[in-house]
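> Compute the structure for the input listed below.
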Amino acid sequence: MKALSIVAPGGSWIASGLKTLEVRRWKPELHPDEDVLIVENKVFLRQDGDEDDAGRVVALARVAVVRPFMPEDMAAACASSFEDGWLSWELTHVRPVTSAIAVKAARGIYELAPPTDIRPRS
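Okay, here's the model as predicted:
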């Protein structure tokens, strides 16, 4: 399954519905009806090849629309600053999940086998 790592607390904010936009400099190669597993980790992955084996799954979501990041997107993105040239990824169909198994967090969209104990969070 395709996965996206997000530094804490951003993944939890997505799972809770507080954060409805993810802001990145690049456009994901995802279909609007394709699920992506949101993995939260505590380490910024700044260079190609960076990984963190202490990620945790927090949600399934879809990226419905990718558009330019606008100043009025700040609250929905839980952003602390604005810069031109970034993209807003509109997150929809967010379903919080949980798992006790640590998973890999990596840069970009990456393939990840969902943990065997993944279940909806109640």
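> going forward, measure contacts between C-alpha atoms and count neighbours the same way
Will do.
> what about the helices in the protein?
Along the chain, counting by DSSP state H, helices occupy 10-16.
> could I get the biggest strand by length in it in CSV with only the CA atoms?
Ranked by residue count and defined by DSSP state E, the top strand of the chain is strand 51-68. Only the C-alpha atoms of strand 51-68 are listed here, as CSV (Å, rounded to 0.1, in the frame of the first residue of the first chain):
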residue,chain,number,x,y,z
GLU,A,51,14.2,6.5,6.9
ASP,A,52,12.9,6.1,10.5
ASP,A,53,11.9,2.6,11.7
ALA,A,54,9.8,4.0,14.6
GLY,A,55,6.8,5.3,12.6
ARG,A,56,3.3,4.4,13.6
VAL,A,57,0.2,4.3,11.4
VAL,A,58,-2.5,6.8,12.4
ALA,A,59,-4.9,7.1,9.4
LEU,A,60,-6.0,6.1,5.9
ALA,A,61,-6.8,9.1,3.7
ARG,A,62,-7.1,10.2,0.1
VAL,A,63,-5.5,13.2,-1.6
ALA,A,64,-8.5,14.6,-3.5
VAL,A,65,-7.0,17.8,-5.0
VAL,A,66,-3.5,19.3,-5.2
ARG,A,67,-3.5,23.1,-5.7
PRO,A,68,-1.3,26.0,-4.8
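> Enumerate the sheet neighbours of it, specifying parallel or antiparallel for every one.
Using DSSP bridges, the strands paired with strand 51-68 in its sheet are strand 35-41 (antiparallel), strand 87-98 (antiparallel), strand 103-106 (antiparallel).
> wait, which of these is closest to Glu51?
Nearest of the strands paired with strand 51-68 to Glu51, taken as Cα to Cα: strand 103-106 at 4.6 Å.
> How far away from the center of its chain is that closest one?
12 Å (Cα atoms, centre = their mean, to the nearest Å).
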